[in-house]
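In: based on what follows, work out the 3D shape:
(chains A and B)
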Amino acid sequence: MSDLPPLVNAVSHPAPLRNDLPRWRIVLGLVLAPSAFALQVVVSYALAADACGEGGASLIGLAAINLVALALIIVGLGTSIANYRRTRSEGEGSHRAVQSQGDGRSRFLAYFGLCTSGVFALAVLVQLTSILVMHQCLGLPTLP
Amino acid sequence: MSTAYDDAATQLGRAHSAEPVDQREPASPIPAEIAQTLELAWAEAAGLKGWLGSVDHKVIGIRYLVTAFAFLVIGGLEALTMRVQLAGPNSDLLSPEQYNQLFSMHGVTMIFLYALPILSGFSNYLWPLMLGNRDMAFPRLNALSYWLFLAAGAFLYVSFPLGAAPNSGWFDYVPQASAEFNPGPNIDVYCAGLIFLGISTTVGSANFIVTLLRMRAPGMSINRLPIIVWGTLTASVANLFAIPAVSLACLMLFMDRNLGTHFFEIGGGGQPLLWQHLFWMFGHPWVYAIVLPAMGMVSDALPVHCRRPLVGYTLVAMATVATMVVGFGVWVHHMFATGLPTLAMSFFSAASFVIAIPSAISVFAWIATIGTGRARITTPFLFFTSVILLFVIGGVSGVMTASLALDWQLTDTYFVVAHLHYVLIGINLFAVVGAIYHWFPKMTGRMMDERTGKWIFALMFSGFNIAFLPMHLLGLLGMPRRVYTYGAGMGFSGTNLVITIGAFLFALALLWFFIEIARARVSGRFAGPNPWDGPTLEWATTSPPPVYNFGIIPLVASRHPLWEERLDESNSDRSLFAEGFLLDRDKETIAVTPLDGEPDVILKMPCDSWLPAALALALLVLFGGMLLMSPWIGGVGLLGVLVILALWFQPHSAPADEEEVRVYG
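Out: Next up is the predicted model:
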């Protein structure tokens, strides 16, 4: 449909910087942190199902999966911050403008990813408190 | 941001006038020279054929709204009957079995047949208008979704007069629902009915997703979507993941009960708890599916009455999606009392606390919008602000039950009943009534009365809180839910009487609301195209809109196409309404690219068809045969389904070469 776009030139393209940021990076910024949360919940639940029972939990497995989740969160946050820095000039104003108006499609998605990563980073950290609070189930020593 | 609306809107609720509230021409013009052509191309057939075969999203949307309200009335009557039973101790108005069926059908009706379908009605009606297009992506699938919903609702209720309705609660726990303890047809009706209804929800969700990705006005990039679109999109994606869990669970239970399998029976190596896992993997996301679009309606409509854009648009859109994602990770908090290992449950407890964060973002955004705007105290405004208060109360009681220790004390008490009603009625029904007041003028061309509306709000808000606030206390006192009566000396009597009085006040308000709809439909003041002075595209066309929505497809330059002048954002682009793609050769509309809304292809849309209604009828026969375990009836239904699908998918000439781009203006 090469005939269709010319009329649209009457208004500015919603994503002037769309070629400056590969789509796979936007996708990573959006999905890494939620994936870390999902992985942490589901796998931790499966591993911890017998933690306070007879068999005991796989401490190494639990620690590993939570470390992986933390690593994914850090990468996700880093990617989304980098994405936002790359696109923040796409629309007028500072981060407050993108917060309230969402101008610039690439910048919007980058900022969306940044906020998503922040929320899910917090979620992963709060989930970690389960292990810290319930450490007796894992056979870890208690504080005097 | 002072506007002509200030003068016009202040007259709302005052002296009735024959003049429309908004006397301006619609922002999106419909040139006379193309109006007739479009009318001919898009108009429905006359008579029964047109009625049965309509694929117009506005007709389907209103059908969804009317049917869902009908189910709300039915579910409400069931609730009132239960409240009469519980108004005093040792009442014998209902037998235990009758009470079991009533509370089960009340839950099934409100959760499955009212709460989501009512939002589907709004989304069906509003999406193409808000997105600046002419229809949903798959109009016939849209019609099928509605007819299946209607058929599944009838299916679930057909056993009710026979005293064989579902009777194990809306979440139907086994082993109580197993054939051993519940041998009648009640649970089979539930299982087959939910599988049937799941088909409707699935096809509807797929339609919403594709519509969002492709059926928008040129220029409407992903960052310019109304929040209701984010809400319904999120709910639709969630439904595609959640519905299979409950459909599978229902199929497995049906097989356990009728074909001798043992998925949930310990004696055969099965696991009763597997039901709860499968059900709540569906059930908790579903709870968000029935509130997120409603929250989206508040996010879009409340700012109109505050005369400023929503505060924190990007954050609210993000929070909508994040709430749903976290919502998939909290299903076990419905199972805290089942004896699962403590460490395992603690992960879900933590996630349940975390979900408060994205939920609260919307609340703070609404409060900030009210605080920084110039609010006009209209009826929709009152309903939307009450949503905030009720959401906070219901949300806080939800966070309380996220705590393992507290949940063990509160589970299966009236505290949980209070919590879920604050959330579901508070966010869903109050938002819906506010949204009816807000968008009724667009749907009918007439205003609802403001003064009556405020009285209705006062009665509804008072009745609701009188009915449900004391339930917290009852729960803390230890009254269990789902009991058909209680003893005189248990200390529950006075509170229950107050709750019953509140429930009747609430019902009275709803009755008044329905009467007011009927009155306004006939004699309400004419609205004009944009009586609330809204910023989004649905207000750019006439009220009610023509069957083709827009004569010229608009070209969008911002998130508030109708407020661009007054917002005076530094971006100098302005949306175009008087010039754009001229699509008047048959039933045409435009599809755009998913992210940036660039024009991509001209679509030829399907005409009216009786096939969706016929397919729903054939499936009704098929599921009837399944329920009766009758190969003959089931076979007839299956044959009908196959024949109709063959007709539906028969090849037709693809008019790809007929595409011709023309521009008006």
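In: can you tell me the centre-most residue of the chain?
Out: By default, I'm working from chain A. With distances taken as Cα atoms, centre = their mean, A:Ala33 lies nearest the centre of chain A, 2.2 Å away.
In: try chain B instead
Out: For chain B, B:Leu119 is the residue whose C-alpha lies nearest the centre (Cα atoms, centre = their mean; 2.0 Å).
In: not counting sequence-adjacent ones, nearest residue to that one?
Out: In space, and not counting its chain neighbours, B:Leu119 is closest to B:Pro293: 4.2 Å by Cβ to Cβ, 6 or more residues apart in numbering or on different chains. All C-beta spots, glycine's among them, are computed from the backbone N, C-alpha and C.
In: tell me who's in contact with that neighbour.
Out: Residues in contact with B:Pro293, defined by Cβ atoms under 8 Å, 6 or more residues apart in numbering or on different chains, are B:119, B:122-123, B:228, B:231-232, B:235.
In: all strands for chain A, in order.
Out: Shown for chain A, no strands are assigned by DSSP state E.
In: show me the shaky parts of it.
Out: For chain A, applying pLDDT under 70 flags the ranges A:1-9, A:50-57, A:135-144.
In: which elements pack onto the host helix or strand of B:Gly494?
Out: Element membership for B:Gly494, per DSSP states H and E: helix B:493-523. When contacts are defined as 3 or more Cβ pairs under 8 Å, 6 or more residues apart in numbering or on different chains; DSSP states H and E, helix B:493-523 sits against helix B:57-86, helix B:430-444, helix B:450-477.
In: can we see that at 10 Å?
Out: helix B:57-86, helix B:414-423, helix B:430-444, helix B:450-477 (3 or more Cβ pairs under 10 Å, 6 or more residues apart in numbering or on different chains; DSSP states H and E).
In: next SSE downstream of it?
Out: That would be, after helix B:493-523 and using DSSP H and E, strand B:553-555.
In: ok now do residue 26, which residues does it touch?
Out: Picked chain A for this. Residues counted as contacts of A:Ile26 (Cβ atoms under 10 Å, 6 or more residues apart in numbering or on different chains) are A:18, A:79-80, A:83, A:86-87, A:105-106, A:109-110, A:112-113, B:595.
In: wrong one, I was asking about chain B
Out: Under the criterion of Cβ under 10 Å, 6+ apart, the neighbours of B:Pro26 are B:528-530, B:539-543, B:545-546, B:550-551, B:577.
In: nearest spatial neighbour of it, chain-adjacent residues omitted?
Out: Nearest residue to B:Pro26, sequence neighbours excluded (Cβ to Cβ, 6+ apart): B:Pro529, at 3.9 Å.
In: B:Phe171 belongs to a helix?
Out: No: using DSSP: H, G, I helix; E, B strand; the rest coil, the secondary structure at B:Phe171 is coil, not a helix.
In: for the closest residue to it other than its chain neighbours, grab phi and psi.
Out: Excluding its sequence neighbours, the residue lying closest to B:Phe171 (Cβ to Cβ, 6+ apart) is B:Phe279, at 5.5 Å. Dihedral pair for B:Phe279: phi -70, psi -50, per degrees, to the nearest 10.
In: sorry, back to before: would you mind measuring from the residue nearest to the centre of chain A to chain B?
Out: Note on A:Ala33: its distance to chain B, by Cβ to the nearest Cβ, to the nearest Å, is 10 Å.
In: how near is that residue to A:Gly118?
Out: A:Ala33 sits at a distance of 8 Å from A:Gly118 (criterion: Cβ to Cβ, to the nearest Å).
In: joint contacts of those two?
Out: Common contact partners of A:Ala33 and A:Gly118 (Cβ under 10 Å, 6+ apart): A:73, A:76-77, A:80, B:322.
In: inside helices: which ones of these?
Out: A:73, A:76-77, A:80, B:322 (DSSP state H).
In: work out for me the element B:Phe577 sits within.
Out: Judged by DSSP H and E, B:Phe577 forms part of strand B:576-581.
In: that strand - contacts with which helices or strands?
Out: If contacts are counted by 3+ Cβ pairs under 10 Å, 6+ apart, strand B:576-581 sits against helix A:5-8, strand B:553-555, strand B:588-592, strand B:599-604, strand B:663-664.
In: parallel or antiparallel, list what pairs with it.
Out: Next to strand B:576-581 in the sheet, as set by DSSP bridges, lie strand B:553-555 (antiparallel), strand B:663-664 (antiparallel).
In: which of the ones you listed has the lowest mean pLDDT?
Out: Of all those, mean pLDDT reaches its minimum on strand B:663-664 (a mean of 66).
In: before we move on, back to that, just the contacts of A:Ile26 now: which is nearest B:Leu511?
Out: Closest approach to B:Leu511 among the contacts of A:Ile26 (Cβ to Cβ): A:Phe112, at 43.3 Å.
In: secondary structure element for the residue lying closest to B:Phe254 once chain neighbours are set aside?
Out: Distance criterion Cβ to Cβ, 6+ apart; nearest residue to B:Phe254, sequence neighbours excluded, is B:Cys191 at 4.2 Å. Following DSSP H and E, the helix or strand that holds B:Cys191 is helix B:186-214.
In: just want the angle from that helix to strand B:588-592.
Out: Between helix B:186-214 and strand B:588-592, the angle comes out at 80 degrees (axes from the mean of the first three to the mean of the last three Cα atoms, to 10 degrees).
In: that older thread, now do the helix holding B:Gly494 and helix B:414-423, the angle between them.
Out: 20 degrees.
In: for helix B:493-523, buried residues please.
Out: Neighbour counts over helix B:493-523 (16 or more other Cβ atoms under 10 Å in any protein chain shown) mark B:493, B:495-500, B:502-507, B:509-510, B:512-513, B:516-517, B:520 as buried.
In: returning to that earlier point: what residues are up against the residue nearest to the centre of chain A?
Out: By Cβ under 10 Å, 6+ apart, the residues touching A:Ala33 are A:69, A:72-77, A:79-80, A:113-124, B:322, B:325.
In: can you select the buried ones from those residues in ChimeraX?
Out: The buried residues among the contacts of A:Ala33 can be selected in ChimeraX (16+ other Cβ under 10 Å) with this line:
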select /A:69,72,73,75,76,77,79,80,113,114,115,116,117,118,119,120,121,123,124 /B:322,325
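In: ok, the nearest residue to B:Trp275 once chain neighbours are set aside to chain A distance?
Out: Of all residues beyond its chain neighbours, the one nearest B:Trp275 is B:Val174 (4.6 Å), with distances taken as Cβ to Cβ, 6+ apart. Applying Cβ to the nearest Cβ, the value for B:Val174 to chain A is 20 Å.
In: in three-state terms, label B:Val174 for me.
Out: Classification of B:Val174 by three-state DSSP places it in coil.
In: please determine how far it is located from B:Leu251.
Out: Here the criterion is Cβ to Cβ. By it, B:Val174 lies 14 Å from B:Leu251.
In: would you write a PyMOL line that selects the buried entries of the contacts of A:Ile26?
Out: Typed into PyMOL, the line below selects the buried ones among the contacts of A:Ile26, using 16+ other Cβ under 10 Å:
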select buried, (chain A and resi 18+79+80+83+86+87+105+106+109+110+112+113) or (chain B and resi 595)
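In: among the contacts of A:Ile26, which ones are in helices?
Out: Per DSSP H, helices hold the following members of the contacts of A:Ile26: A:79-80, A:83, A:86-87, A:105-106, A:109-110, A:112-113.
In: can you tell me which of these are up against chain B?
Out: A:105-106, A:109, A:112-113 (Cβ under 10 Å from any Cβ of the partner chain).
In: re the thing from before, make TSV out of the helices and strands packed on helix B:493-523 and add mean pLDDT, distance to chain A and mean neighbour count.
Out: Output for the helices and strands packed on helix B:493-523, formatted as TSV (pLDDT from 0 to 100; distance: least, Cβ to the nearest Cβ, whole Å; neighbours: other Cβ atoms under 10 Å in any protein chain shown):
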stretch	mean pLDDT	distance to chain A	mean neighbour count
helix B:57-86	97	23	20
helix B:414-423	96	20	23
helix B:430-444	98	22	25
helix B:450-477	97	26	19
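In: B:Asn239: which of these is closest?
Out: Closest approach to B:Asn239 among those is made by helix B:57-86 (15.0 Å; Cβ to Cβ).
In: what residues are up against the closest residue to chain A within the stretch 1-150 of chain B?
Out: Closest contact between the stretch 1-150 of chain B and chain A, by Cβ to the nearest Cβ, is at B:Gly132 (12.9 Å). Contacts for B:Gly132 (Cβ under 10 Å, 6+ apart) come out as B:28, B:215-220, B:536-538, B:540-541, B:549-550, B:553-556, B:561, B:575, B:577, B:580, B:590, B:592, B:597.
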